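1. Predicted model follows, preceded by the sequence.
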Amino acid sequence: MIEDKRWSGVYSFEDSSFLMEVLTELRDKNTDSIAFRKGLVKLGRYMGYELTKTMEVEKIKVETPLEETEGIIVKDRKNVVIVTVLRAAIPLMEGLIKVFEHARVGIISASRGKAPKFEIEMNYVKIPQIKPEDTVIITDPMIATGSTLLKVIEEIKKYGTPKRLIVLGVLAAPEGISRIKEAYPEVEIFVAKIDRELNDHGYILPGLGDAGDRAFGAPIKLSTLPQVHTIE
Ligand SMILES: O=P(O)(O)OC[C@H]1O[C@H](OP(=O)(O)OP(=O)(O)O)[C@H](O)[C@@H]1O
Ligand SMILES: O=c1cc[nH]c(=O)[nH]1
Ligand SMILES: [Mg+2]
């Protein structure tokens, strides 16, 4: 993992050829949604594993069948709250929870409106109580304008003050990172890669497109459905 010099507490995994290969598959426009979801699960799992390297460990004694020896436990692994931002973070969370199997899980729905306002609709929030010993990991694959995460972090803070507040994503734009770090300097950000910029519609370049749509298919507005059935 590499700390980006432009901010403090912002890390990418560009030094991991394995993670960069998974990211390359996600970027590819020909990758279908099955492979896309699998890629996100993989990234969640292996970025979660990398994250454990930043956690406090405690030395313990362990009895093998033959003799006593030294071992360790990663203390903070047991005090994790994963907050999943719908929709695109679902597969990422599936991978992450394999590393943090004790995690309590919060779910927040967030949907970003169109440019230039990027208003965030957030109407489903279920978050467990956050304790001082907790590490909160917010999972959202894309940090674009940062509007979604600013609103999500503001909400999460109502549930308690954790030991660490971490954002774990796949791609980020510098604009989004700067907005989050300005508002919440204590938040740590871990992403597979920091991309170049945003386009006029708020999409990350070179990016991977709309993560939610690529993982689950593009939603349609009910009003555009042909009225083939009537419900009596
Ligand atoms: O940093 P921002 O500019 O706020 O954009 C990032 C958000 O956009 C996407 O969600 P989207 O609103 O597309 O919802 P979806 O996951 O249901 O597709 C993505 O999953 C982030 O939550
Ligand atoms: O590039 C982007 C920006 C926001 N949300 C996405 O899914 N992709
Ligand atoms: Mg989307």
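-> All right, it came through fine. Ligands and ions are numbered 1, 2, ... in the order given.
2. Need the distance between the two termini of stretch 7-15.
-> For stretch 7-15, the first and last residues are 18 Å from each other (CA to CA, to the nearest Å).
3. What mean pLDDT does that stretch get?
-> Computed over stretch 7-15, the mean pLDDT rounds to 98.
4. Return the distance of it from the chain's centre.
-> Going by CA atoms, centre = their mean, to the nearest Å, the spacing between the C-alpha centre of stretch 7-15 and its chain's C-alpha centre is 14 Å.
5. Then stretch 123-133?
-> When C-alpha coordinates are averaged (CA atoms, centre = their mean), stretch 123-133 and its chain have centres 16 Å apart.
6. ditto for stretch 155-172
-> The gap between where stretch 155-172 is centred and where its chain is centred comes out at 10 Å by CA atoms, centre = their mean.
7. Can you list the low-confidence ranges for the chain?
-> Using pLDDT under 70 as the threshold, the predicted model of the chain has low-confidence ranges 224-232.
8. Okay, strands next: where are they in it?
-> According to DSSP state E, the chain carries its strands in the segments 2-3, 10-12, 57-63, 68-74, 80-86, 104-112, 120-126, 135-139, 142-143, 164-172, 188-194, 197-198, 204-205.
9. which residues are contacting the second one?
-> It refers to strand 10-12. When contacts are defined by CB atoms under 8 Å, 6 or more residues apart in numbering, strand 10-12 is touched by residues 1-4, 177, 181, 188-194. Just so you know, the C-beta spots here come from the backbone N, C-alpha and C atoms, and that holds for glycine as well.
10. Can I have the buried ones of those as a PyMOL selection?
-> Buried residues among these (16 or more other CB atoms under 10 Å), as a PyMOL selection:
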select buried, resi 4+177+181+188+189+190+191+192+193+194
